[in-house]
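Enquirer: sequence and computational prediction follow.
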Amino acid sequence: MASAITPLSSRSLAATPRANRDSAVVRWTLCTIALAFLTFFLFLPLVAVFVEAFRKGVGTYVAAFTNPDALAAIRLTLLTAAIAVPANTLFGLAAAWAITKFRFRGKSLLITLIDLPLAVSPIVAGLIYVLLYGRHGWFGTWLGAHHLSIVFAVPGIILATTFVTFPFVARELIPLMQSQGSDEEYAAVTLGANGWQTFWRVTIPNIKWGLLYGAILCNARAMGEFGAVSVVSGHIRGVTNTMPLHIEILYNEYNFAAAFAVASLLALLALVTLALKSLVEWKAGR
Amino acid sequence: MSIQVTSLFKHFGSFTALDGVSLNVPSGKLVALLGPSGSGKTTLLRLIAGLELPDPGSGRIRFHDEDVTDVPAGKRKVGFVFQHYALFRHMSVLDNVAFGLRVRRRSERPSRARIVARARELLALVQLDGLGDRYPHQLSGGQRQRVALARALAVEPKVLLLDEPFGALDAKVRRELRRWLRRFHDEIQLTTVFVTHDQEEALEIADKVVIMNQARVEQVGTPQEVYDRPATPFVYQFLGNVNMLRSATFPRAGIDPNTQIFVRPHDIQVGPHDSGADGLSAVLRYIHSAGPHARLTLEDIQTREMIEAEISRAELARLDLKVNDLVKLRLRQIRSFEDDYAI
């Protein structure tokens, strides 16, 4: 399984034939351009987040998190991820399994549908839910009659996040499972294993790193999603604000230190995600 | 355990993979399913294993008179060796071999120690003692092949099915391993069916060869029978080299000159041009003399048809032939399928 997700960086560059070597000027120019680009577009912004966060001292930094609204935003973000990620891991696994192990009508339609959340703008994704479940939406009257609220409430945020993060696990698993084929499963079946045993003893061990990788990417997006969530949230402080929305509000109120403090937490989450991702790639590549 | 297959049909969409195939595999024999790719041989093997199901309402599959057509693969007691072995890549060799015993229901499952002991025995049987702790990717192709065989045998199958067992190996290992498989089969006496597209392989080790083409069985017989007495033009061409000529090239009384005739290269006798009035005059165009025999490409001076002949190298030296020499060809044996005659 390793080959399918081997990171680019691990490819060996040891034996570059002489004819492929460019002159020193070209090499240095290319390196300088690449490094300058990385510095200005990736590294400096990341540093800036942390510098700005600590500009007014550690006290202000800590205060930004002890604020009840900030705590509520962090809780809501974690809750959303805790529901969206397992759900999408399960859906993604089921979809990849169905697509790669079986022949059925409408398979290419299913593959296209899985990619829909990536193709559509997040704001459209949010609006779809407002249109369906909002007060004046298709199911609005029925929901109102039963005192259920989805839009401008926590369920809407979870739904929108789940929609946006749907493709990550499936897209990670489909190529991996396609490259592995179904022969090992067939072998297990001829050896007398039932479907459950085949799944747990053969399929899952073969895809576990891909599955974890997909779940990590899914989690990163679930925590950071802004557009779709912004539409369905309603921006009720302490109730329907996730971390990205909370940051926006703080920023709009010129509370830069607090905005960057919360932002630094999100950035930290991203860095942890990247570290985990590298670890998974390294484990899978062995 | 014998296998009987009666009039099986299998379609994949509009593609016909099996078109009314019947077959009888006698108990304890080693049978080769031989044919070009796309001839339906692997499909037939997978149907026997239960990995595919025949078209609804088509024929039956029986193992020693027991109808297994509707029995799921896991309950048919078949050992299946896949073309690329399909070893469980995350399991050690020993765990691979033990898999079939470990997934049994508790009431039928031997003790843990017994399972490990049995897996070790099987590894010894396929001459892989001591490699139980390795992983599949640490083994050579031939070793993986034998692990796959040991794993299939662990469930004490009643029949053994192998899909292109030597397909992924290099020529030398291939030859060694197929002789080994023949000896192994003689030891364990298990009804075995293997799929191959390599005629040499099938003719060398099988008791019986089943030649398939375009979803049908063309001929069934011992290697000697199918080689010496091909039942159809396809079999003639598929087994060994053959010249396909119009009978006008070698005119004979009572034969329509447009009849297609088949001549094996080694059934053509090559002699000096002044060796008599009978025979066909031809010009020698190429000599390929690598290998035990010399292959000559000759051009009929009248029809300009190209003819392949095969003679021993001693014969070539005796005749002292050079390119562009004129020679006489005489036929020892020809065959036609329109009017069954042989000379």
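Expert: Good, I have the coordinates.
Enquirer: how about the residues of the stretch 1-150 of chain B near chain A?
Expert: The stretch 1-150 of chain B comes close to chain A at residues B:49-51, B:72-75, B:78-80, B:82, B:84, B:86-91, B:99-100, B:103-104, as judged by C-beta under 8 Å from any C-beta of the partner chain. Bear in mind the C-beta positions are built from the backbone N, C-alpha and C, glycine included.
Enquirer: so what secondary structure elements neighbour the lowest-mean-pLDDT helix or strand in chain A?
Expert: When each helix and strand of chain A is scored by mean pLDDT, DSSP states H and E, helix A:140-145 comes last, with a mean of 82. Using 3 or more C-beta pairs under 8 Å, 6 or more residues apart in numbering or on different chains; DSSP states H and E, no helix or strand is in contact with helix A:140-145.
Enquirer: next secondary structure after that helix?
Expert: helix A:154-164 (DSSP states H and E).
Enquirer: which residues sit against that following helix?
Expert: Here helix A:154-164 makes contact (C-beta atoms under 8 Å, 6 or more residues apart in numbering or on different chains) with A:76, A:79-81, A:83-84, A:87-88, A:117, A:122, A:125-126, A:128-129, A:133, A:149-150, A:221-222, A:225, A:227-229, A:231-233, A:239-240, A:242.
Enquirer: then stretch B:276-292?
Expert: Residues from elsewhere that reach stretch B:276-292 (C-beta under 8 Å, 6+ apart): B:249-250, B:271, B:273, B:294-302, B:306-307, B:312-313, B:316, B:321-330.
Enquirer: now the longest helix seen in chain A: buried residues?
Expert: Identified as the longest helix of chain A according to DSSP state H is helix A:68-101. Neighbour counts using 16 or more other C-beta atoms under 10 Å in any protein chain shown place A:70, A:72-74, A:76-77, A:80-81, A:83-85, A:87-89, A:91-93, A:95-97, A:99-100 of helix A:68-101 among the buried residues.
Enquirer: average pLDDT across it?
Expert: What helix A:68-101 shows for mean pLDDT is 92.
Enquirer: quick one: it to helix A:154-164, angle?
Expert: Helix A:68-101 and helix A:154-164 are oriented at 40 degrees to each other (axes from the mean of the first three to the mean of the last three C-alpha atoms, to 10 degrees).
Enquirer: which strands and helices lie in contact with helix A:68-101?
Expert: helix A:57-66, helix A:107-119, helix A:154-164, helix A:167-180, helix A:204-224, helix A:243-252, helix A:256-285.
Enquirer: specify the angle between it and helix A:256-285 in degrees.
Expert: Using the same axes, to 10 degrees: helix A:68-101 against helix A:256-285 is 30 degrees.
Enquirer: before we move on, back to that, would you turn the helices and strands packed on helix A:68-101 into TSV with mean neighbour count and distance to A:Thr29?
Expert: Shown next, in TSV, are the helices and strands packed on helix A:68-101 (neighbours: other C-beta atoms under 10 Å in any protein chain shown; distance: least, C-beta to C-beta, whole Å):
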stretch	mean neighbour count	distance to A:Thr29
helix A:57-66	13	41
helix A:107-119	13	35
helix A:154-164	24	40
helix A:167-180	21	36
helix A:204-224	21	34
helix A:243-252	20	38
helix A:256-285	17	29
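Enquirer: how about the ones you listed, which one is nearest B:His11?
Expert: Evaluated with C-beta to C-beta, the helices and strands packed on helix A:68-101 place helix A:107-119 nearest to B:His11, the distance being 18.8 Å.
Enquirer: good, we can wrap up now.
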